[in-house]
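Student: coordinates for the following, if possible.
(one chain, ligands or ions: 1)
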Amino acid sequence: MDADFWRARWREGRLGWHRADVNPLLARHLPALGLAPGARIFMPLCGKSRDIHWLLGEGFCVAGCELVETAVEQLFEELGVAPTIEDRGRLKLYRAEGVDIVVGDIFDLDAETLGRVEAVYDRAALVALPPETRKRYAAHVAAATACAPQILVTYVYDQSLIGGPPFSVTDEEVRALYAGAYDVTLLESADVEGGMKGRCPAIEHALALRHC
Ligand SMILES: C[S@@+](CC[C@H](N)C(=O)[O-])C[C@H]1O[C@@H](n2cnc3c(N)ncnc32)[C@H](O)[C@@H]1O
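Tutor: This next block holds a predicted model:
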């Protein structure tokens, strides 16, 4: 999945991953991280997720990173706020009260530009990446966030029946990707209604990752 793949998806409005409301797994399991009010939560590969609206409504601050600028323009339009926009070399920074979204490739985002975050919420980010990129992504997110705790949402299904994204990422793979940085706990496992793209059974997992 290169940048052109994602740009085409946004251009054509093919946003099958986008939910119309908050992901219930986030609402149910975020309290497990025990965050203080106002904590800043990083959403890698954030799209224009409604989870951002929900987190802001709950009094958290949100930092995000998204490759496609159109997505970020739509996000702020839907939030009903006008961001300030700064050029930062290969990146652009869209900012408004409580929300900072970096436009660009997550691998160009460093800890200094991201700023301090108290947690990471990864939904449809790790699983959006092909196997050969996931190891680099996991190490990069851990480093950029100083191993802040994570809520990670994954899918598990038979990858031989259907290709990604989203890819199937087992708990074993998550443990291997984050070995030495995080302890991984399965919080919830639920059948995906209608299966993966209606073509094979799939399970959604919510995992907590805590720095070890
Ligand atoms: C499957 S979508 C998930 C969006 C969001 N997390 C959600 O749950 O709605 C993946 C998003 O990651 C963005 N993306 C893909 N590769 C990226 C990269 N290298 N850096 C930043 N964003 C990227 C895509 O443009 C797309 O909006």
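
Student: contacts, neighbours, all on C-alpha from now
Tutor: OK.

Student: for the most centrally placed residue in the chain, what are its contacts?
Tutor: Central residue of the chain (Cα atoms, centre = their mean): residue 122, 3.3 Å from the mean position. Applying Cα atoms under 8 Å, 6 or more residues apart in numbering to residue 122 gives the contacts 43-44, 150-153.

Student: next: residue 201.
Tutor: Residues in contact with residue 201 (Cα under 8 Å, 6+ apart) are 157-158, 191-192, 194-195.

Student: picking up where we left off before, would you say the residue nearest to the centre of the chain is within a helix?
Tutor: No. Counting by DSSP: H, G, I helix; E, B strand; the rest coil, residue 122 is not found in a helix; it is strand.

Student: show me the subset of the contacts of residue 201 that also lies near the ligand.
Tutor: Near the ligand, taking Cα under 6 Å from any ligand atom as the test, no member of the contacts of residue 201 is found.

Student: filter the residues you listed down to the ones in helices?
Tutor: Judged by DSSP state H, the contacts of residue 201 include no members of helices.

Student: which among those residues count as buried?
Tutor: 157, 192 (16 or more other Cα atoms under 10 Å).

Student: so what's the residue nearest to the centre of the chain bridging to?
Tutor: Counting by DSSP bridges, residue 122 is bridged to residue 152.

Student: with residue 40 instead?
Tutor: Going by DSSP bridges, residue 40 forms beta bridges with residue 61.

Student: in TSV: the contacts of residue 122, plus neighbour count and pLDDT.
Tutor: Formatted as TSV, these follow (neighbours: other Cα atoms under 10 Å; pLDDT from 0 to 100):
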residue	neighbour count	pLDDT
43	24	98
44	24	98
150	24	98
151	24	98
152	24	98
153	25	98
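
Student: distance check, the residue nearest to the centre of the chain against residue 72.
Tutor: 17 Å (Cα to Cα, to the nearest Å).

Student: can you check residue 194 too?
Tutor: 30 Å.

Student: same deal with residue 149?
Tutor: 25 Å.

Student: C-alpha coordinates for the helix ranked longest in the chain, PDB please?
Tutor: Longest helix in the chain, counting residues (DSSP H): helix 131-144. Presented in PDB, the C-alpha positions along helix 131-144 are these (Å, rounded to 0.1, in the frame of the first residue of the first chain):
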ATOM      1  CA  PRO A 131       3.500  -7.300   6.900                       C
ATOM      2  CA  GLU A 132       6.800  -5.900   5.800                       C
ATOM      3  CA  THR A 133       6.000  -2.500   7.100                       C
ATOM      4  CA  ARG A 134       4.500  -3.400  10.500                       C
ATOM      5  CA  LYS A 135       7.800  -4.000  12.300                       C
ATOM      6  CA  ARG A 136       9.200  -0.600  11.300                       C
ATOM      7  CA  TYR A 137       5.800   1.000  12.200                       C
ATOM      8  CA  ALA A 138       5.700  -0.600  15.700                       C
ATOM      9  CA  ALA A 139       9.300   0.400  16.500                       C
ATOM     10  CA  HIS A 140       8.600   3.900  15.200                       C
ATOM     11  CA  VAL A 141       5.400   4.500  17.200                       C
ATOM     12  CA  ALA A 142       7.000   3.100  20.400                       C
ATOM     13  CA  ALA A 143      10.000   5.500  19.900                       C
ATOM     14  CA  ALA A 144       7.900   8.600  18.900                       C
END
